[in-house]
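Visitor: Below is the structure, and that's it, no one-letter string:
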Ligand SMILES: NC(=O)c1ccc[n+]([C@@H]2O[C@H](COP(=O)([O-])OP(=O)(O)OC[C@H]3O[C@@H](n4cnc5c(N)ncnc54)[C@H](OP(=O)(O)O)[C@@H]3O)[C@@H](O)[C@H]2O)c1
């Protein structure tokens, strides 16, 4: 496993870390035994950082992560998130009382005294213009409830606004071969401020594993069935916001670029790590096999300049017209 600094936090995180949304909920039925096995497999492979949220399965994901930490001797840093317990997203909901309450709840569920990294969970866009919200996070850091804080953003513009706050240490953002704007407009600025970048949705919700087909069937409780048009949350979180048929056809364009012996998921993950500004990526994994395959991507050699250019060409010609302006 390779490691990189997570911004100025002092944490050195595995370049392939673990995204714990799918083991909580919103991806169809979950099997806690399979989820625990996937988590353990990731740690066995050297993963030392897990991203979760209070709302993933209403605490189910955080509970599994707590069980994992109790079972393992290796240090495992945990990032969780707050803000999505609001009945609807408003900047006014980010009060001291609410933030403290959400964080106390996560502390209890995670069975810990302090949260390694607390991220605002795609907050209402107006939050980025409210210094008082970040002041509250400073107070909660001083009080020892959280060690570090960051934000999970929807757009590059939000990311650029967020890093104006001097004590904000990380930004979580979607970046993958179907979403290139962060590399062009954000990474350099973040690196200059030593802000850690956590890349989410690296496989475009599984599309970039190459296994999905036109006739793939998703459980009605899986966001890949119920959120394609953004019915429940930002549509960019589902398939990276790319219309399904177009995405499948772009996946076919990526297929010939995958070196022999690699899976397409590994190609997508290694592609993300080609950017030095990225601290880590957090693929979601629901099985031992996925966790192992994903972790192994950290050790793969660099992707050739030809393949890098080919991905950019696919993005510029086929995907940018539908996604670039939105995020
Ligand atoms: N707003 C936010 O802050 C936010 C939003 C989204 C995600 N996140 C974080 O980012 C993490 C990653 O994003 P994500 O889970 O949405 O998307 P993702 O990592 O792009 O896709 C994960 C899905 O891809 C499939 N998969 C994973 N590894 C695979 C492999 N090796 N081969 C084949 N299929 C594989 C699995 O689904 P199937 O096996 O079911 O196909 C898995 O659930 C989340 O877990 C969460 O921690 C945060």
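Guide: Right, received. Where do you want to start? No experiment lies behind these values; they were computed from the predicted model shown.
Visitor: where does residue 265 fall, helix, sheet strand or coil?
Guide: Secondary structure assignment for residue 265 (DSSP: H, G, I helix; E, B strand; the rest coil): helix.
Visitor: Pull the number of nearby residues for it.
Guide: Residue 265 is flanked by 23 other residues according to other CB atoms under 10 Å. Where you see a C-beta, it was placed from the backbone N, CA and C, and this is true even at glycine.
Visitor: which parts of the protein sit against the ligand?
Guide: With the criterion set to CB under 6 Å from any ligand atom, the chain comes near the ligand through 19-22, 27, 51, 81, 121-122, 152, 172, 200-206, 209, 211, 237, 265, 282-286, 290, 293-294.
Visitor: Tell me which of those fall in helices.
Guide: 265, 290, 293-294 (DSSP state H).
Visitor: tell me which of those residues is nearest to residue 308?
Guide: Nearest to residue 308 among those is residue 265, at 17.5 Å by CB to CB.
Visitor: Name the nearest residue to the closest one, sequence neighbours excluded.
Guide: residue 209 (4.2 Å; CB to CB, 6 or more residues apart in numbering).
Visitor: burial of the one you found, as a residue count?
Guide: Neighbour number of residue 209 under other CB under 10 Å is 20.
Visitor: for the residue nearest to the spatial centre of the chain, which residues make a bridge with it?
Guide: Centroid-nearest residue in the chain, with CA atoms, centre = their mean: residue 200, separated by 2.5 Å. Beta-bridge pairing for residue 200 (DSSP bridges): residue 174.
Visitor: Is it in contact with residue 172, as I believe?
Guide: Yes - using CB atoms under 8 Å, residue 200 is in contact with residue 172, at 5.4 Å.
Visitor: quick one: contacts for the residue nearest to the centre of the chain?
Guide: By CB atoms under 8 Å, 6 or more residues apart in numbering, the contact list for residue 200 reads 19, 51, 152, 172-174, 281-282.
Visitor: Can you give me the pLDDT of it?
Guide: pLDDT recorded at residue 200 is 98.
Visitor: again with the one 5 residues further on
Guide: Reported pLDDT at residue 205 in the predicted model: 98.
Visitor: Report the contact partners of the closest residue to it other than its chain neighbours.
Guide: Nearest non-adjacent residue to residue 205, counting by CB to CB, 6+ apart: residue 239, 5.0 Å away. Going by CB under 8 Å, 6+ apart, residue 239 touches 204-205, 207, 224, 228, 247.
Visitor: can we see that at 10 Å?
Guide: 178, 201, 204-208, 212, 223-224, 227-228, 246-248 (CB atoms under 10 Å, 6 or more residues apart in numbering).
Visitor: For PyMOL, write a command that selects the buried ones of the residues of the chain next to the ligand.
Guide: Only the buried entries of the residues of the chain next to the ligand go into this PyMOL selection, using 16 or more other CB atoms under 10 Å:
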select buried, resi 19+20+21+22+27+51+81+121+122+152+172+200+201+202+203+204+205+206+209+237+265+282+283+284+285+286+290+293+294
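Visitor: follow-up on the earlier one: can you check the pLDDT for the residue nearest to residue 265?
Guide: In this model, residue 209 is scored at 98, pLDDT.
Visitor: My read is that it contacts residue 290, right?
Guide: Yes - Residue 209 lies in contact with residue 290 (CB atoms under 10 Å); the separation is 8.4 Å.
Visitor: Need the residues touching each of these two.
Guide: Both residue 209 and residue 290 are in contact with 203, 263, 265, 283, where contact means CB under 10 Å, 6+ apart.
Visitor: what separates the third one from residue 212, distance-wise?
Guide: Right, residue 265. Distance, residue 265 to residue 212, by CB to CB, to the nearest Å: 11 Å.
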